[in-house]
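Peer 1: structure here, sequence nowhere to be found:
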């Protein structure tokens, strides 16, 4: 690599190292945010956002605000996945206890 002396203190002694150089954002391609703005601003997008706030956001608000489940206490992806499923199970059982079974 032509820039090896700039990356390493002693290029002669240091073994090969993988380095990624980011060239920056290309001007001709829009970002994901730019692509989503017209979709969200459309009538269908506004209805979908309203539906999301009505179905998804209250779950997180209940778990964080009412149950104070701000952090996972276990480590590893499998254990955190199990803990998250227990949180969701607790939320769903509470809904069943308050509102009963859906018809």
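Peer 2: Cool, the structure landed. No experiment lies behind these values; they were computed from the predicted model shown.
Peer 1: and stretch 85-101, which residues are buried?
Peer 2: Residues 87, 91 are the ones in stretch 85-101 that count as buried (16 or more other CB atoms under 10 Å). (Glycine included, C-beta is placed from N, CA and C.)
Peer 1: just give me how far it sits from the chain centre.
Peer 2: Centre-to-centre, stretch 85-101 and its host chain are 24 Å apart (CA atoms, centre = their mean, to the nearest Å).
Peer 1: can you tell me the element the residue nearest to the spatial centre of the chain falls in?
Peer 2: Centroid check for the chain by CA atoms, centre = their mean gives residue 60 as the closest residue, at 13.1 Å. Residue 60 belongs to helix 57-61 when assigned by DSSP states H and E.
Peer 1: and if you look at residue 88?
Peer 2: Residue 88 belongs to helix 77-99 when assigned by DSSP H and E.
Peer 1: run the chain-centre distance for that helix.
Peer 2: 19 Å.
Peer 1: which residues are contacting it?
Peer 2: Outside helix 77-99, the residues that touch it by CB atoms under 8 Å, 6 or more residues apart in numbering are 59, 62, 63, 67, 69, 72, 73, 74.
Peer 1: distance of the fourth one from residue 54?
Peer 2: It stands for residue 67. Using CB to CB, to the nearest Å, residue 67 is found at 20 Å from residue 54.
Peer 1: what of the second one?
Peer 2: According to CB to CB, residue 62 and residue 54 sit 13 Å apart.
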